[in-house]
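> please work out how this folds:
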Amino acid sequence: MAVNKDTLQELALSVEEYNLIVEKLGREPNNLELGLFGSLWSEHCGYKHSKPLLKMLPGTSPRTLVNAGEENAGAVDIGDGLAIVMKIESHNHPSAIEPYQGAATGVGGIIRDIFAMGARPIALLNSLRFGPLNASRTRYLFEGVVSGISGYGNCIGIPNVGGEVYFSSTYTGNPLVNAMCVGLLEKDKLVKATTGHAGNVLMLVGSDTGKDGIHGASGLASQTFEDDRELRPTVQVGNPFLEKILIEACLELSKTDHFVGMQDLGAAGLTSASVEAANNGGTGIEIDVDKVPRREALMSSYEVMLSESQERMLVIVKPGHEENVISLFEKWDLSCAVIGVATDDDVVKMTSGGVLAGEIPVSLLTNPPQYRLRGKKPKELEGLQNAELNDLPPLERDGQEILLELLGSPNICSKSWIYRQYDHQVQTNTVETPGGDAAVLRIKGTSKGIAMSTDGNGRLTYLDPFTGGMIAVAEACRNVSCVGAEPIALTDCLNFGDPDREEVYYQLEECIKGITVAATALNVPVISGNVSLYNESSGESIYPTPIIGSLGLFEDVQRSVNSTFKAEGDILIAIGISELLGDMGHLAGSEYLECFYGMVSGSPNIDLDKEVLVQNICRSLIIDGLVKSAHDCSEGGLAIAISESCILGGLGFHMDAQVVGDLDAALYGEEQSRIIISVDKKLLKEVGTRCYASGVPWMVLGKIGGTHIQLADSVSISLQKCTEIWNDSIERLMRV
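Residues are numbered from 1 along each chain as shown. Prediction:
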């Protein structure tokens, strides 16, 4: 073997993979060629462990416009000649090293995936996971990540409209930063990442190329990392002002006939952008590395090809149209250079100084080995799932203390400390701002609107990966159903540990199976996504954390509702249940159980048939104007859902329903497929009749109004006190 194991480890290639490369090439690769293999055969680019599993996911519907995984993002038809493009991606390891730039460039990268398809980015969301906030390191990461997201998004002029965050010790050494972007375009103007045919010209536009981000895809994103490794050079640096100009210039270009394809330079930089476009076009490519504009002297061909410098796009231009394209980009003060050409073979050729620097078949680079492993259920799960929750000792707290402590939990309390740093009104499309179940945007020029949400519960997925995958899909769709939108598409970001470990592979496989079952039951395709593996530190894996981004469609956005209680005297109804049953099993994986008992245990479950019925009736009642507010019951259970709606509306609540069984389990159990809706008392009979006819269980919980939240004889707290605790918790912890 002509290369040492340290080099292979840096490139995230095994000895067996190196030997396969030699066998396929018929020779030893040179250093440049090996770098290309390291990047394109990495987990981040090649999906070696996950692609065989991802084939299970339902990826098409009558609305889908591209096949999942074939383009930069997924696209769905929303009618009126318009389409939505959407995707979610991770930037976990970079954010653990440089939280500001890691998060900022994560936002920049997902935005480029969207406008590379000719869509104008109209919304950003993010899903975040950190260790406990009482640790100074967590506060440093948390503040840096939120600042990076706001710093990039606010400067670039795209509203950051939603997301969620959770805190758990499992993420202490390996935070999760998942960024989602949604774009809008005329569906017949969809741009694809392709070289087209031989003779088309490759042009690079945007920022000059530097040495930042080298080995980002192969090293940082495709293997575990240790705390003592110096990895800052692998983290890219973003420039949102340049990207803003790049968006406008590329969208202007997309309206012309000067080009055939466009691709952003993200992970693996020019290597992945050019090779993937060639693969999509069925061509080869020839690149003169010396023609790539660079901001640092004495860069090698290796560094140029693998640099992950930000704010760069590859444009494939028709022969004879080069001057038109250069002129267009110069108008925007953007540098643009011809760097290569599409060829009529299946070969990537790279030259420097007129000498061939590397030559590899495209099909070899884009077809890494795929691994279908045998997973093994973690030994500890059997005991955790079968934990006897009926034997929990009584808490030495009264009902008021329990509710207030949960309202102040960082996983439940208001996230306004985060989203008040974001500009969520820019572009003036935002109907529902952050803080509710789902964000809502209007589609100007139409009556339509879209709803968006992200969701995923690592605790539940840890306890049962299959059920956790189902619940993540169900809740993401339930969130958009609660504002009245029909779920039409999903995007997923699957955050897991080292897939070569049997227990982690089991989690990954079972979770994807669960996502598949739920998406199929709800009839919503998974149109795009990202897999982030090797999320471990000090030999410990994070909770398996599937993040699901959902997209919902309104035909009439004015029919949307939110989770805020509206008026004194309104009646609160729960749909999905017919009695307040205090079943201890519903505490499985709950915030209550971890907060008060330090336990993550139990066996979570969900009835997907009921889930479909509950979401359908919720949307139907909203569309017909029978519902004033709707809110799903998730973390913290029924009591927290009611309290949040009280706080947001400035109205109290008096519960009339009687509890059957354990009071805390009834109030704080996280039973699935429940939505609370408020209705005018005059419409109560009609709403009940509609639920009954749809086969959906329902019950009256009580009446809205007053100055207290009263949930049972033993739980009655002033609304003002609940509001103070819920609003101020994160800010108070950040001042420690």
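> from here on, contacts and neighbour counts on C-alpha atoms
OK.
> point out where the chain drops to low pLDDT.
1-2, 216-234 (pLDDT under 70).
> quick check: closest non-adjacent residue to residue 51.
The spatial neighbour of residue 51 that comes closest, neighbours along the chain excluded (Cα to Cα, 6 or more residues apart in numbering), is residue 370 at 7.3 Å.
> so the one you found touches residue 54, yeah?
No - using Cα atoms under 8 Å, residue 370 makes no contact with residue 54, being 11.9 Å away.
> out of those two, which sits in the busier spot?
residue 54 (21 against 15; other Cα atoms under 10 Å).
> and residue 581, backbone torsions?
Dihedral pair for residue 581: phi -90, psi 120, per degrees, to the nearest 10.
> mind listing what the closest residue to residue 82 other than its chain neighbours touches?
In space, and not counting its chain neighbours, residue 82 is closest to residue 186: 4.5 Å by Cα to Cα, 6+ apart. Counting by Cα atoms under 8 Å, 6 or more residues apart in numbering, residue 186 touches 81, 82, 83, 119.
> in stretch 561-576, what counts as buried?
Using 16 or more other Cα atoms under 10 Å as the test for burial, stretch 561-576 gives 561-567, 569-576.
> just give the nearest non-adjacent residue to the residue most central in space within the chain, would you?
For the chain, the residue nearest the mean C-alpha position is residue 88 (4.1 Å; Cα atoms, centre = their mean). The shortest distance from residue 88 to any non-neighbouring residue, by Cα to Cα, 6+ apart, is to residue 180 (4.0 Å).
> can you tell me how far residue 120 is from residue 5?
Applying Cα to Cα, to the nearest Å, the value for residue 120 to residue 5 is 45 Å.
> neighbour count for the two, which is higher?
Higher neighbour count among residue 120 and residue 5: residue 120, with 22 against 14, using other Cα under 10 Å.
> quickly list what the more buried one is bridged to.
Residue 120 has these beta-bridge partners by DSSP bridges: residue 184.
> does it touch residue 189 like I think?
No - under the criterion of Cα under 8 Å, residue 120 makes no contact with residue 189, lying 11.4 Å away.
> tell me where the stretch 401-550 of the chain has strands.
For the stretch 401-550 of the chain, the strands defined by DSSP state E, counting those that start in this stretch occupy 430-432, 439-442, 449-455, 486-495, 526-532, 536-537, 540-541, 545-554.
> quick one: closest of the ones you listed to residue 27.
strand 526-532 (32.0 Å; Cα to Cα).
> tell me the strands beside that closest one, with direction?
According to DSSP bridges, strand 526-532 forms sheet pairs with strand 486-495 (parallel).
> show residues contacting the partner strand.
74, 76, 86-90, 176, 178, 477, 480-481, 524-533, 535, 544-554, 619.
> for stretch 337-351, same thing?
195, 197-205, 275, 278, 282-293, 322, 326, 356-363.
> end-to-end on it?
By Cα to Cα, one end of stretch 337-351 lies 16 Å from the other end.
> list the buried residues for that stretch?
So, applying 16+ other Cα under 10 Å, buried residues of stretch 337-351: 337-343, 346-351.
> can you name the two of the residues you listed that are farthest apart?
So, the buried residues of stretch 337-351 by Cα to Cα: farthest apart are 337 and 346, at 23.6 Å.
> hmm, back to that, now the buried members of the contacts of stretch 337-351.
195, 197-205, 275, 278, 282-293, 322, 326, 357-363.
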